[in-house]
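*Asks:* only the shape, not the letters, is given here:
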């Protein structure tokens, strides 16, 4: 069967034989341009919006790194808590906490452990580098982690609770000790058993203050592995299946991890600087000196404002640092000796005693069995000597000002000398001239005209005077 053709179209094709060729060429160009634009758009979208598979791969290989270096205290606890929250927002696959701590406050330790146990992101605690320790509160934090690891040459344990007052451990009776230890052991068992570790041996770190090297801890199933470095730790964890605290099993994918360090915030760095022993001592002394200057020289304002702020910051640090009461008393004794040096002549004995007392106070101010950190000798000397000189100088100005005669008002006339211009009879009024002014004057004894007198008292506009005897001649 032969197909029929539209006569109009046939006629058009007959009259314009190149039309069909041009039409096909235009269509081909349109297809080519559309394909090119589509490729560019797809490439741009792929660049701006990565595929779900690529995003998932990136998120599963992110490791957020935190550092617990130093005592466990509220600022560190806040830093760890914020780091765990940031890891959850990033959808990280692991939080790695590198730890080197002598221990710290129980409340801060419990706060960190609670956030580790409830973290949606697995947490690995790694005692490193070599020579580091995870003692006391650090031992609890280590065992609470999803993965507990140690570097060669490190140790952990010695987790017996210690009550500290004034920088020294308190002596408590046996009943109270058992109560505290039993509470600590129950807290340790509450997460150690679920982590599949050795709770019976872990309790000896509390009851016997026992400590363990990395090999002893690994053999006793207190930790999961020993790693020589952070890279070695991540290599060993890659592909490892772990059990979360809620019982879920997950497999870690750390073949090519992207490691991100979580730093202290500006606020945390500021507070951490304040609670450093040297800064605390400096704030305490500047605060005391500022308030002392304001009290002895009212109206200066600036010393009072600066001293008040410094003293408030020092009091904040005092709630965190193990402040020794003996150190505070020695500093107060030094202040008293400096004031006495300004008031009494001791030929420098009181000043020297105050300097020695303040230096000892600085050395004793921050004392704790958990750490050897305290006020450095250089800071103590740099603060003590200027403080001593300023205190003595200011106190002498205050004592000297009390002897100054008033320079204004009627009080300035007390002790002044005048000349009698109208004789003063005994008990009767006369007239005297002082500073070019005439005043009514009364004397207990008669004074003739032209004699000098001294003012003893002022009542209203009347002066009470006494005659000034002329000095006897040499003969």
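*Replies:* Alright, I've got the coordinates. The structure displayed is predicted, hence computed values, not measured ones.
*Asks:* all contacts plus neighbour counts: C-alpha atoms, from now on.
*Replies:* Will do.
*Asks:* for stretch 349-367, buried residues please.
*Replies:* For stretch 349-367, a neighbour-count test (16 or more other Cα atoms under 10 Å) marks 350-352, 354-367 as buried.
*Asks:* actually stretch 301-321, not the one I wrote
*Replies:* Neighbour-count burial for stretch 301-321 flags 303-304, 306-308, 310-311, 313-315, 317-318, 321 (criterion: 16+ other Cα under 10 Å).
*Asks:* low-confidence stretches in the stretch 101-250 of the chain?
*Replies:* Applying pLDDT under 70 to the stretch 101-250 of the chain flags the ranges 164-170.
*Asks:* so for the helix or strand where residue 456 lies, mean pLDDT?
*Replies:* Here residue 456, judged by DSSP states H and E, is contained in strand 452-459. Averaging pLDDT along strand 452-459 yields 88.
*Asks:* who does that strand pair up with?
*Replies:* Note on strand 452-459: by DSSP bridges, its sheet partners are strand 417-422 (antiparallel), strand 462-467 (antiparallel).
*Asks:* any idea how far it is from the chain center?
*Replies:* 63 Å (Cα atoms, centre = their mean, to the nearest Å).
*Asks:* residues in contact with that strand?
*Replies:* 410, 413-420, 463-468 (Cα atoms under 8 Å, 6 or more residues apart in numbering).
*Asks:* got it, and stretch 390-402?
*Replies:* 289, 293, 296, 335, 338-339, 341-343.
*Asks:* buried set for it?
*Replies:* Residues 391-392, 394-396 are the ones in stretch 390-402 that count as buried (16+ other Cα under 10 Å).
*Asks:* tell me how far that stretch lies from the chain's centre.
*Replies:* With Cα atoms, centre = their mean, you get 35 Å for stretch 390-402.
*Asks:* in helices, which of the buried residues of stretch 390-402 fall?
*Replies:* Residues of the buried residues of stretch 390-402 located in helices (DSSP state H): 391-392, 394-396.
*Asks:* just name the closest of the residues you listed to residue 96, please.
*Replies:* Closest approach between those and residue 96, by Cα to Cα: residue 391, at 50.9 Å.
*Asks:* pLDDT weak spots in the stretch 251-400 of the chain?
*Replies:* Across the stretch 251-400 of the chain, the ranges flagged by pLDDT under 70 are 367-373.
*Asks:* now do the strands in it.
*Replies:* Along the stretch 251-400 of the chain, counting by DSSP state E, counting those that start in this stretch, strands occupy 258-261.
*Asks:* how about the helices of it, start to end?
*Replies:* 266-274, 277-296, 302-318, 325-343, 349-365, 377-401 (DSSP state H, counting those that start in this stretch).
*Asks:* can you list the buried residues in the fourth one?
*Replies:* Translated: helix 325-343. Result for helix 325-343 [16+ other Cα under 10 Å]: buried residues 325, 327-328, 330-335, 337-342.
*Asks:* for that helix, packing partners?
*Replies:* helix 349-365, helix 377-401 (3 or more Cα pairs under 8 Å, 6 or more residues apart in numbering; DSSP states H and E).
*Asks:* dump these to CSV, plus distance to residue 242.
*Replies:* Shown next, in CSV, are the helices and strands packed on helix 325-343 (distance: least, Cα to Cα, whole Å):
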stretch, distance to residue 242
helix 349-365, 46
helix 377-401, 49
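*Asks:* out of those helices, which comes closest to residue 61?
*Replies:* For those, the distance to residue 61 is smallest for helix 377-401, at 46.0 Å, taking Cα to Cα.
*Asks:* what residue lies at the spatial centre of this protein?
*Replies:* Closest to where the C-alpha atoms of the chain average out (Cα atoms, centre = their mean) is residue 271, at 2.1 Å.
*Asks:* find the nearest non-adjacent residue to residue 147, please.
*Replies:* Of all residues not flanking residue 147 in the chain, residue 124 sits nearest, at 4.4 Å (Cα to Cα, 6 or more residues apart in numbering).
*Asks:* A helix includes that neighbour, no?
*Replies:* No. Counting by DSSP: H, G, I helix; E, B strand; the rest coil, residue 124 falls outside a helix, being strand.
*Asks:* and residue 93, what does it touch?
*Replies:* Per Cα under 8 Å, 6+ apart, neighbours of residue 93: 59-63, 121-122, 252-254.
*Asks:* err, residue 426, not the other one
*Replies:* Neighbouring residues of residue 426 by Cα under 8 Å, 6+ apart: 442-447.
*Asks:* that older thread, as a markdown table, the strands paired with strand 452-459 with mean neighbour count and distance to residue 138 would be great.
*Replies:* A markdown table is the format used below for the strands paired with strand 452-459 (neighbours: other Cα atoms under 10 Å; distance: least, Cα to Cα, whole Å):
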| stretch | mean neighbour count | distance to residue 138 |
| --- | --- | --- |
| strand 417-422 | 20 | 81 |
| strand 462-467 | 20 | 82 |
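*Asks:* would you tell me which of those gets closest to residue 191?
*Replies:* Among the strands paired with strand 452-459, the nearest to residue 191 by Cα to Cα is strand 462-467 (90.5 Å).
*Asks:* got the contact list for that closest one?
*Replies:* With contact meaning Cα under 8 Å, 6+ apart, strand 462-467 is reached by 439-445, 447, 451-458.
*Asks:* and stretch 104-124, what's buried?
*Replies:* Buried-residue list, stretch 104-124, by 16+ other Cα under 10 Å: 104-106, 108-110, 112-113, 115-117, 119-124.
*Asks:* and those residues, which of them are in strands?
*Replies:* Of the buried residues of stretch 104-124, the ones assigned to strands by DSSP state E are 123-124.
*Asks:* follow-up on the earlier one: just give me the closest of the contacts of stretch 390-402 to residue 225.
*Replies:* Of all those, residue 289 has the smallest distance to residue 225: 54.0 Å, by Cα to Cα.
*Asks:* need the contact list for the closest one.
*Replies:* Here residue 289 is in contact with 307, 387, 391 (Cα under 8 Å, 6+ apart).
*Asks:* from residue 95, how far off is it?
*Replies:* Distance of residue 289 to residue 95, given as Cα to Cα, to the nearest Å: 46 Å.
*Asks:* ditto for residue 357
*Replies:* Using Cα to Cα, residue 357 is found at 48 Å from residue 95.
*Asks:* give the contact list for the nearest residue to residue 363 once chain neighbours are set aside.
*Replies:* Distances taken as Cα to Cα, 6+ apart place residue 375 nearest to residue 363, at 6.0 Å, with adjacent residues excluded. Residues near residue 375 by Cα under 8 Å, 6+ apart: 277-278, 281, 362-363, 365-366.
*Asks:* nearest to residue 185 among those?
*Replies:* Distance to residue 185 across those (Cα to Cα) is lowest for residue 366, with 29.5 Å.
*Asks:* give me the neighbour count for residue 456.
*Replies:* By other Cα atoms under 10 Å, 15 other residues sit near residue 456.
*Asks:* quick one: contacts for residue 358?
*Replies:* Here residue 358 is in contact with 330-331, 333-334, 384 (Cα under 8 Å, 6+ apart).
*Asks:* one step back: make TSV out of the helices of the stretch 251-400 of the chain and add distance to residue 191.
*Replies:* Output for the helices of the stretch 251-400 of the chain, formatted as TSV (distance: least, Cα to Cα, whole Å):
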stretch	distance to residue 191
helix 266-274	29
helix 277-296	34
helix 302-318	32
helix 325-343	37
helix 349-365	37
helix 377-401	43
